[in-house]
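In: fold the following, please.
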Amino acid sequence: MHTLPSFAAQVRDILKDDNTPAGRDKVAALLRDALADRPFVESLFDDASPERKVVYQDPQLGFCILAHRYTDARNGPPHDHGPSWAIYGQADGETVMSDWDVIEPSAPGQPGKVKKVREYALAPGQAHVYNEGEVHAPSRAGPTRLVRIEGTNLEGVARGAYKPAAQ
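Out: Residues are numbered from 1 along each chain as shown. Below you'll find the predicted structure:
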């Protein structure tokens, strides 16, 4: 059984030992296990939860654990996470993710151009790592809940904007 403090401590231990893509894969495996623990998942959300709620920010390493609650359908634009990484864990509903190759990089005030390379669904219990510079876009047909881990709090962090290139 997971609690937020025990889960955060396990994430910290993994990242202290290995904050590389391989270590983040270990964090994603831990998140998949935690997503199967319904009391843990429910402890992060309530009916008034906003779309983005930081439930934990590590004072030592700076990573954040977030609870995302979306109540409607939405197609997000292709984006990266700036200088950071993120792990998306699907708690409820389904998010269709697409991965994109950068054709032209973004610049301040100038969106980059990207080409879609694949699309896949994140179902409850699944988690996916997006490392620095990886461009992806989420789409959801209805309400969803995600548990996401960011390498740093991305609130206010400059991130690349992208638009699909003409095919």
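
In: which is the next helix or strand following the helix or strand hosting residue 99?
Out: With secondary structure defined by DSSP states H and E, residue 99 is part of strand 95-104. Counting by DSSP H and E, the next helix or strand C-terminal to strand 95-104 is strand 112-122.

In: mind giving me the packing neighbours of that following strand?
Out: Using 3 or more CB pairs under 8 Å, 6 or more residues apart in numbering; DSSP states H and E, the elements in contact with strand 112-122 are strand 95-104, strand 162-164. Where you see a C-beta, it was placed from the backbone N, CA and C, and this is true even at glycine.

In: hmm, 6 Å instead?
Out: The helices and strands touching strand 112-122, judged by 3 or more CB pairs under 6 Å, 6 or more residues apart in numbering; DSSP states H and E, are strand 95-104.

In: coming back round to it: mind giving me the packing neighbours of the strand holding residue 99?
Out: strand 112-122, strand 135-140.

In: rerun at 10 Å
Out: strand 74-75, strand 86-92, strand 112-122, strand 127-130, strand 135-140, strand 144-150, strand 162-164 (3 or more CB pairs under 10 Å, 6 or more residues apart in numbering; DSSP states H and E).

In: and of the ones you listed, who's closest to residue 47?
Out: strand 144-150 (11.5 Å; CB to CB).

In: find the residue at the geometric middle of the protein.
Out: residue 88 (3.3 Å; CA atoms, centre = their mean).

In: that residue: what's it in contact with?
Out: Shown in contact with residue 88 (CB atoms under 10 Å, 6 or more residues apart in numbering): 28, 31, 66, 68, 95, 97, 122, 126-130, 136, 138, 146-149.

In: can you report how many residues neighbour residue 58?
Out: By other CB atoms under 10 Å, 18 other residues sit near residue 58.

In: quick one: the residue lying closest to it once chain neighbours are set aside from residue 159, how far?
Out: Ranked by CB to CB, 6 or more residues apart in numbering and with sequence neighbours excluded, the top spatial neighbour of residue 58 is residue 12, at 5.7 Å. Residue 12 sits 24 Å away from residue 159, going by CB to CB, to the nearest Å.

In: the two - which one has more neighbours?
Out: Higher neighbour count among residue 12 and residue 159: residue 12, with 17 against 14, using other CB under 10 Å.

In: sounds good, over and out.
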